[in-house]
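Asks: need a structure here:
(chains A and B)
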Protein chains: 2
Amino acid sequence: MRRSPRLGTHRRAVIDAILDATPLCHIAHVVEGRPVAIPTLQWRIEDQLYWHGSTASRMIRTQGVGGPICLTVTMLDGWVLARSAFHHTMNYRSVMCFGQPQRIAEDARKLEVLELFMRRWLPGRWEKLRPTKRKELAATDVMTMPILAASAKVRSGPPDEPKADHAWPVWAGHIPLELKTLKPQPAPDLDPHLAAPRLGAALSRSKPG
Amino acid sequence: MRRSPRLGTHRRAVIDAILDATPLCHIAHVVEGRPVAIPTLQWRIEDQLYWHGSTASRMIRTQGVGGPICLTVTMLDGWVLARSAFHHTMNYRSVMCFGQPQRIAEDARKLEVLELFMRRWLPGRWEKLRPTKRKELAATDVMTMPILAASAKVRSGPPDEPKADHAWPVWAGHIPLELKTLKPQPAPDLDPHLAAPRLGAALSRSKPG
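Replies: Residues are numbered from 1 along each chain as shown, chains lettered A, B, ... in the order given. Just a heads-up that it's a prediction; the model follows:
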């Protein structure tokens, strides 16, 4: 993607809208001097980011002993087709958050933030679930980091190219992409009388404010 | 996402199918001891990965002086809803490639691999474009890295949970996600007689072999 400083912002409203648009993030950390970028699920509660993982995972073990991370969220919003190869790009929204994560020590707080994650995407589901067992909670680490050093980049709309190229006879414009939710697929052994849940928030291409 | 060693593979057919399914990747590298994960566009030609960037970007400057990177591609394929919070997860396909990138020095080779990127996603378009100028090519760095140390993780299908949970009276199953290509939006100044291109490969949820 072509970098353009004018696309960058530190505005929290823009940053929050992107963090809230998808659970998928990539977290980079350093293991023995080498960078590792791992996909995981993030969620925001006010000024804090959260993510979770198995206590057995290398990601969580590495982050648990301190050390800086970079958490990046990116939504691919479309193709941008210009009259020259050079001015082709993608429309996207991306946030990078830097900091040092902390593990949440208290079981009650861990359960509370996991509940808020589910309420964000699957409202009304938490209270219907088989309750979480103590050993399940013990096998889950929840990490957190304040949203302090963060920036967003947003590119949207038609190509940005020199006026001199506009008359070149090839189609130009942008082709939006959208992450659609398809039909729920019941588990093979499911009682057919149980209704599929509605997702609380679409993984949408809606633009941040 | 919950880690499960049985999901991992080093099979090249699986790795290649995921790398070819989307141009979006996140590249982690280390800048002054700190990890940075940056979204960019990747493409594969046989046993090599390629990505490009502005010669002015910090990402490219950092990678140009050597140092290891991790290039990760992730497709989010769906929600997995179990009867307990603990067994909820996402369906996804992900590849991590480790190595040390090299900058492509020769202009002719740079142009050739950029052309192959466009042919991959927008077949028939390259030859219609306003030709690339020497200074545009000079302002673009193309990086490459062999696919040597790479692994894939794939999770698909219904939830995997203890038999004892199956009778719990809540909906369980999975809800697929798909990245759809929407209607092309012409640039404001476009001659309406020019036809919109067809995308060469859908950004699909098709499963790797």
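Asks: remind me which residues of chain A are low pLDDT?
Replies: The model of chain A has pLDDT under 70 over residues A:1-6, A:64, A:201-209.
Asks: longest helix in it, please.
Replies: helix A:107-121 (DSSP state H).
Asks: what about the helices in chain A?
Replies: A:12-19, A:58-64, A:107-121, A:134-138.
Asks: which one of those lies nearest to A:Trp171?
Replies: helix A:12-19 (29.4 Å; C-beta to C-beta). In short, each C-beta sits where N, CA and C put it, glycine included.
Asks: tell me which other helices or strands the closest one touches.
Replies: Identification of packing neighbours for helix A:12-19 by 3 or more C-beta pairs under 8 Å, 6 or more residues apart in numbering or on different chains; DSSP states H and E yields strand A:34-45, strand A:69-81, strand A:89-99, strand A:149-155.
Asks: would you mark the buried spots in the last one?
Replies: Neighbour-count burial for strand A:149-155 flags A:Ala150, A:Ala152, A:Lys153, A:Val154, A:Arg155 (criterion: 16 or more other C-beta atoms under 10 Å in any protein chain shown).
Asks: who does the fourth one bridge with?
Replies: Read it as A:Val154. On the basis of DSSP bridges, A:Val154 takes part in beta bridges with A:Arg93.
Asks: give me every residue that touches A:Ala150.
Replies: Going by C-beta atoms under 8 Å, 6 or more residues apart in numbering or on different chains, A:Ala150 touches A:His10, A:Ile15, A:Val95, A:Met96, A:Cys97, A:Phe98.
Asks: ok, back up a step: any chance of the buried residues of strand A:149-155 in a markdown table, plus distance to B:Arg109?
Replies: What follows is the buried residues of strand A:149-155, written out as a markdown table (distance: C-beta to C-beta, whole Å):
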| residue | distance to B:Arg109 |
| --- | --- |
| A:Ala150 | 38 |
| A:Ala152 | 35 |
| A:Lys153 | 29 |
| A:Val154 | 33 |
| A:Arg155 | 28 |
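Asks: and A:Leu49, how many neighbours?
Replies: 23 (other C-beta atoms under 10 Å in any protein chain shown).
Asks: these two touch, right, it and A:Leu71?
Replies: Yes - counting by C-beta atoms under 8 Å, A:Leu49 touches A:Leu71, with 6.2 Å between them.
Asks: what residue of chain A is the furthest out?
Replies: Most distant residue from the mean C-alpha position of chain A: A:Ala167, 39.0 Å away (C-alpha atoms, centre = their mean).
Asks: look up how far A:Ser151 lies from that one.
Replies: 37 Å (C-beta to C-beta, to the nearest Å).
Asks: cool, and A:Ser54?
Replies: For A:Ser54, the distance to A:Ser151 - C-beta to C-beta - is 30 Å.
Asks: what do you get for A:Ile45?
Replies: 20 Å.
Asks: ok, A:Glu46 next?
Replies: Distance from A:Glu46 to A:Ser151, by C-beta to C-beta: 19 Å.
Asks: A:Thr72 too?
Replies: Counting by C-beta to C-beta, the gap from A:Thr72 to A:Ser151 is 10 Å.
Asks: shared neighbours of the two, anything?
Replies: Common contacts of A:Thr72 and A:Ser151 (C-beta under 8 Å, 6+ apart): A:Val95, A:Met96.
Asks: may I see the contacts of A:Ala150 organised as JSON lines, with neighbour count added?
Replies: JSON lines is the format used below for the contacts of A:Ala150 (neighbours: other C-beta atoms under 10 Å in any protein chain shown):
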{"residue": "A:His10", "neighbour count": "10"}
{"residue": "A:Ile15", "neighbour count": "22"}
{"residue": "A:Val95", "neighbour count": "27"}
{"residue": "A:Met96", "neighbour count": "22"}
{"residue": "A:Cys97", "neighbour count": "25"}
{"residue": "A:Phe98", "neighbour count": "19"}
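Asks: looking at those, which is nearest A:Val113?
Replies: Of these, the one sitting nearest to A:Val113 (C-beta to C-beta) turns out to be A:Cys97, at 16.6 Å.
Asks: can you pull up the bridge partners for that closest one?
Replies: In beta-bridge terms (that is, DSSP bridges), A:Cys97 pairs with A:Leu71, A:Ala150.
Asks: same thing with A:Trp51?
Replies: According to DSSP bridges, beta-bridge pairing links A:Trp51 with A:Gln42, A:Met143.
Asks: that one contacts A:Val73, correct?
Replies: No - contact criterion C-beta under 8 Å: A:Trp51 and A:Val73 do not qualify, at 10.9 Å.
Asks: joint contacts of these two?
Replies: A:Cys25, A:Gln42.
Asks: any idea how far A:Lys135 lies from A:Thr40?
Replies: From A:Lys135 to A:Thr40 the distance is 22 Å (C-beta to C-beta).
Asks: which of the two has more residues huddled nearby?
Replies: A:Thr40 (21 against 9).
Asks: close enough to count as contact, the more buried one and A:Met59?
Replies: Yes - between A:Thr40 and A:Met59 there is a contact under C-beta under 8 Å: 7.1 Å.
Asks: what sits in contact with each of those two?
Replies: Taking C-beta under 8 Å, 6+ apart as the contact rule, A:Thr40 and A:Met59 both touch A:Ile27, A:Gly53.
Asks: now do A:Asn91 against chain B, distance only.
Replies: To chain B, A:Asn91 is 10 Å away according to C-beta to the nearest C-beta, to the nearest Å.
Asks: count of neighbours near that residue?
Replies: The number of residues near A:Asn91, taken as other C-beta under 10 Å, comes to 22.
Asks: wait, it sits on A:Val80?
Replies: Yes - using C-beta under 8 Å, A:Asn91 makes contact with A:Val80 at a distance of 5.8 Å.
Asks: quickly list what's touching both of these two.
Replies: The contact sets of A:Asn91 and A:Val80 overlap at A:Arg155, A:His174 (C-beta under 8 Å, 6+ apart).
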